[in-house]
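pasting the sequence and the predicted coordinates here, then a few questions.
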Amino acid sequence: MAQGYFAYWVEVNFDSATEIFRHAQQLLPGSADALVAISYIERRQGKLAEALVHQLHVTELDPRNPTTFTQFSVTY
């Protein structure tokens, strides 16, 4: 996850960050962390429909986390 955020925030390399987060998602399929990071990248790239779908799934994976709902509303 740290490598993905480094690629996203520091290197501003969205393709590399997405690839890293997708790999993390495969390793941790029940975790919302990698999926929410992917949705942030999609939102930043203007892929709002994809970001919303992923963020909705994140709210299902982690329904008690208020940040997921806040980010969903920011994207919407």
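Cool, the structure landed.

my read: V58 touches Y40, true?
No. V58 lies out of contact with Y40 (C-beta atoms under 8 Å); the separation is 10.3 Å. For every residue, glycine as well, the C-beta is placed using N, CA and C.

settle it for me: which of those two has more neighbours?
Neighbours around V58 and Y40, counted as other C-beta atoms under 10 Å, are more numerous at V58. The numbers are 25 against 22.

K47 versus that one, what's the distance?
As judged by C-beta to C-beta, to the nearest Å, V58 and K47 stand 15 Å apart.

what of F21?
As for F21, its distance to K47 is 14 Å (criterion: C-beta to C-beta).

between the two, point out the one with more neighbours.
The neighbour comparison of F21 against K47 (other C-beta under 10 Å) goes to F21, with 25 against 14.

and the more buried one, what helix or strand is that in?
With elements taken from DSSP states H and E, the one containing F21 is helix 14-27.

which is the succeeding secondary structure element to that helix?
helix 33-44.

who are the packing partners of that next one?
helix 2-5, helix 14-27, helix 48-61, helix 66-75 (3 or more C-beta pairs under 8 Å, 6 or more residues apart in numbering; DSSP states H and E).
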